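Novice: no sequence on this one, just coordinates:
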């Protein structure tokens, strides 16, 4: 009766060879099979970085339309990541207030609620997004937003529904009766009635959210099943195929609030495996993974005349594009704080560090800092020692003040908090490139320098006689100079 109501092909009962039904997809091309016409998924703000990883990896292999149900913040994030074009279609119907209302009205004390980790209202949107895609196409491939695509997903789909077995290890096979033998985050569907049937089963006949009821789908319609190369997650118990078509794990802690230590450990284990696989086989996706998992709160100690403006502009236009920028303390995630090195101290750095900020700076040789600062200040008529007679009239005076005036020496001395920072290095193309790649997954592409002067460098000015050997040697002999060099 259910099958006749929702499906438009003949009911063919399937016999179960063991605990659950398997019908592997043929490896030989048949005369007719379904070619993927669209993809779809659901996301919310807490897993928007997973969604970006999914969309980025999917676009490496597929250009079909992608239908997304999400909230406004997720749409904005994906757009800012440069992942949205005319072939990405959004429906904003997963706002927090709406989901809270659905949970209250439909799922309060519902029998399908097995834990407080999953959001049943957001799960309900899975069927909605499949309907959304199927209104425009004959088939769709639903993916959980924490999927990472590593290969072309086209197979010889002959059934209208293709399910992904968990492929539990033998010692865990009975988990299927409790949690489901099939994974609810990976379904190819060429039946416009399937999402409605699945929703009805979820709401009326399931003991573990939308997944346990999937055990009975092969009883009402013909299905095929994905191989072990697809949908590799923690449920595999560490048994990983040599070739992986899709990984399934959370790259952030957006869902960890109610996860117990065991679940977090399981996700961490498969994530470590998956990241290493990407690093070996898909370096582009590995780099993007680093971008999506880079520090949520970044504090840049801008050392004056050490390419600070260039660094700020580069970060804000690339890997920190979606971060909100501040010049002082802030509490929100995905924030970028920056200020000059003379405005930070040990207590401030400690407060930032204690609250999870990634802190860094780039330095420059003191003699080059002084030459650059002098040229920049004279070109722009800036006061660097309070104005009037206090201002240096030459580079010789600039270096002399830098040694004799303790207050002025702050412009070049290494601050006493440098050892507290997460990253310190001399600014040059190589170091900046390594920094971007290791901490943000960003491949460095040099740009024209910003906020520069006509400074020709210390060696030029010294050889030209604008800086005497005597005053230069006073700087080189200064104990703070040697301390500064120890960080370069």
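Specialist: It's in. This is a predicted model, so every value here is computed, not measured.
Novice: now the strands for the protein?
Specialist: Using DSSP state E, the strands found in the chain span residues 39-42, 66-70, 88-92, 140-143, 147-149, 161-163, 186-189, 223-225, 246-248, 297-302, 324-326, 335-340, 358-363, 423-426.
Novice: For these, which has the smallest mean pLDDT value?
Specialist: Note on these: strand 324-326 shows the lowest mean pLDDT, a mean of 90.
Novice: ok, residue 39 - contacts?
Specialist: Residue 39 makes contact with 58, 62, 64-67, 133, 140-143 under the criterion C-beta atoms under 8 Å, 6 or more residues apart in numbering. The way it works is simple: take the backbone N, C-alpha and C, and place the C-beta from them, glycine included.
Novice: For these, give me TSV that also has neighbour count and distance to residue 290.
Specialist: Listed next are the contacts of residue 39 as TSV, based on neighbours: other C-beta atoms under 10 Å; distance: C-beta to C-beta, whole Å:
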residue	neighbour count	distance to residue 290
58	22	18
62	17	23
64	19	27
65	17	28
66	25	23
67	25	28
133	27	31
140	30	30
141	26	27
142	25	27
143	26	22
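Novice: between those residues, which is closest to residue 76?
Specialist: When those are compared for distance to residue 76 (C-beta to C-beta), residue 66 wins out at 16.6 Å.
Novice: buried residues in stretch 318-333?
Specialist: Residues of stretch 318-333 classed as buried by neighbour count (16 or more other C-beta atoms under 10 Å): 319-320, 322-323, 330.
Novice: Can I get these in CSV including distance to residue 222 and pLDDT?
Specialist: What follows is the buried residues of stretch 318-333, written out as CSV (distance: C-beta to C-beta, whole Å; pLDDT from 0 to 100):
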residue, distance to residue 222, pLDDT
319, 47, 90
320, 50, 92
322, 44, 83
323, 49, 89
330, 55, 74
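Novice: which among those gets closest to residue 374?
Specialist: Using C-beta to C-beta, residue 320 comes nearest to residue 374 of those, at 31.2 Å.
Novice: looking at the strands of the chain, which is closest to residue 401?
Specialist: Distances from residue 401 to each of the strands of the chain were compared by C-beta to C-beta, and the smallest falls on strand 335-340, at 18.7 Å.
Novice: For the strands of the chain, give me a markdown table that also has distance to residue 485.
Specialist: Converted to a markdown table, the strands of the chain look like this (distance: least, C-beta to C-beta, whole Å):
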| stretch | distance to residue 485 |
| --- | --- |
| strand 39-42 | 52 |
| strand 66-70 | 51 |
| strand 88-92 | 51 |
| strand 140-143 | 52 |
| strand 147-149 | 44 |
| strand 161-163 | 63 |
| strand 186-189 | 55 |
| strand 223-225 | 63 |
| strand 246-248 | 45 |
| strand 297-302 | 18 |
| strand 324-326 | 31 |
| strand 335-340 | 21 |
| strand 358-363 | 9 |
| strand 423-426 | 9 |
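Novice: Residue 132 versus the closest residue to residue 84 other than its chain neighbours, what's the distance?
Specialist: With C-beta to C-beta, 6 or more residues apart in numbering as the measure, residue 78 is the residue that lies nearest to residue 84, at 5.6 Å, once sequence neighbours are left out. The gap separating residue 78 from residue 132 is 16 Å, by C-beta to C-beta, to the nearest Å.
Novice: ditto for residue 51
Specialist: 16 Å.
Novice: So which of the two has more stuff around it?
Specialist: Between residue 51 and residue 132, counting by other C-beta atoms under 10 Å, residue 51 is the more crowded of the two (28 against 22).
Novice: Alright, I will stop here.
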